[in-house]
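Enquirer: Curious how this folds, go ahead:
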Amino acid sequence: MANSADQSTPRPQARRGPRVLNLPWWFWLGYADVKFWFLTVPAAIGLLLAARHGAEWLGAMRWLLFGAAALLALPFPAAAAIFAYQKIDATNYWRVLDRDETVAGLKLPVGSRLHYADKAHTHVTSIDLPHATDIAGMRLIGTIRRFDPNWNCVLAEDQILDGFPCRHGIAVFNQDGILKFMLAAGHELAGLQLPRGTMVERGSPDRPWTFLLPPDAGVHLPSLATTAPGGVTLTVANDGALLEIGSGHGQTIIVRGLPLNSKNFRLQDAQVISELTEPFFVADAMRPIGAAVRIDLPTGNVSVPGE
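Expert: The predicted structure is shown next:
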């Protein structure tokens, strides 16, 4: 038989909370003091006035009032010192160009303010331009933010980029050109006559294009012989085939006479799969709102999945 002394029962491990919750009480007291300054500052001033100008019968209690006022006021110099240190330390992550310079592949003008991810200045995260500047063939203004391998930017004016009429405002680009932008004028893409104000995100060999239509303008979809309502997002393959329609608002789109929900709308093997936005007679029965339906585009046959 094994020695009972060897059969020790493992002691339960003490549960430890997050490290931040194990800070001493005086830290939380100081934190609350500074956070609720609109209460503690008047209280400290009131205690100080009471100690200095209070009635004579207070006697030694004056020193208690002085101590309480000092205790309430003590965290503020410490907080100010921490704030000043953070401000001074933050300057180590910034650099202002004193001459024209190429940084991260971008030709920047003098006066550009660069923010880095580290004090060694090895990876720039954002660039504040001093004025409207031509960069990589684009007229930009404001702040450029880096999200490898792309850059978020602000187009200073309407301009033609890579053959697209791009509207002034927020856009995304990389070393290959403009990636995401808003149309400054109507433009044909993937066989669709897209209206002004459409947000375009260019595709790639392994990623489809997306077109977010403006809320006040739809677009004709030849493959469905219908019009997509404004505000929906069209997902289109590189060969121009419509893959999906999406919308956070669930606008109704009419296909082959059926009222379908654009919030859940996809195409698969020449078939539309979606849901009804109102009761409708489908496959010899009245179907409720939200019922799934399938439309075979070549034949026009309508069916209910699973039946």
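
Enquirer: thinking Gly191 is in contact with Gly240, fair?
Expert: Yes - counting by C-beta atoms under 8 Å, Gly240 is a contact partner of Gly191 at 4.9 Å. Every residue, glycine included, has its C-beta placed from N, CA and C.

Enquirer: and stretch 138-146, average pLDDT?
Expert: Mean per-residue pLDDT for stretch 138-146: 95.

Enquirer: oh, I was asking about stretch 174-193
Expert: Stretch 174-193 carries an average pLDDT of 93.

Enquirer: Any idea how far it is from the middle of the chain?
Expert: A distance of 22 Å separates the centroid of the chain from that of stretch 174-193, by C-alpha atoms, centre = their mean, to the nearest Å.

Enquirer: now the end-to-end length of that stretch.
Expert: 26 Å (C-alpha to C-alpha, to the nearest Å).

Enquirer: contacts for it?
Expert: The contact list for stretch 174-193 (C-beta atoms under 8 Å, 6 or more residues apart in numbering) reads 105, 138, 149-151, 155, 158-159, 161-162, 164-173, 194-202, 209, 211, 219-222, 234, 236, 240.

Enquirer: same thing but at 7 Å, please
Expert: By C-beta atoms under 7 Å, 6 or more residues apart in numbering, the residues outside stretch 174-193 that reach it are 105, 149-151, 158, 161-162, 164-167, 169, 171-173, 194-202, 209, 219-220, 222, 236, 240.

Enquirer: before we move on, what about stretch 203-212?
Expert: Stretch 203-212 is contacted by residues 190, 194, 198-202, 233-238, 243 when judged by C-beta under 7 Å, 6+ apart.

Enquirer: can you tell me which residues contact the closest residue to Val96 other than its chain neighbours?
Expert: Taking C-beta to C-beta, 6 or more residues apart in numbering, and ignoring the residues beside it in sequence, Val96 has Arg113 as its nearest neighbour in space, at 5.2 Å. Arg113 is in contact with 94, 96, 128, counting by C-beta under 7 Å, 6+ apart.

Enquirer: can you pull up the bridge partners for the first one?
Expert: With DSSP bridges as the criterion, Trp94 is bridged to His115.

Enquirer: Could you check how many residues crowd around it?
Expert: Per other C-beta atoms under 10 Å, the neighbour tally for Trp94 reads 13.

Enquirer: check contacts around it.
Expert: By C-beta under 7 Å, 6+ apart, Trp94 lies in contact with 113-115.

Enquirer: how does it look with 10 Å?
Expert: Residues counted as contacts of Trp94 (C-beta atoms under 10 Å, 6 or more residues apart in numbering) are 113-116, 121, 126, 128.

Enquirer: tell me the pLDDT at it?
Expert: Per-residue pLDDT puts Trp94 at 87.

Enquirer: any idea how far it is from Leu114?
Expert: Going from Trp94 to Leu114 by C-beta to C-beta, to the nearest Å gives 7 Å.

Enquirer: Are there residues contacting both of those two? Which ones?
Expert: With contacts defined as C-beta under 10 Å, 6+ apart, the residues shared by Trp94 and Leu114 are 121, 126, 128.

Enquirer: neighbours around the closest residue to Trp63 other than its chain neighbours, how many?
Expert: Nearest residue to Trp63, sequence neighbours excluded (C-beta to C-beta, 6+ apart): Ala51, at 7.7 Å. Other residues near Ala51 come to 18 when the count uses other C-beta under 10 Å.
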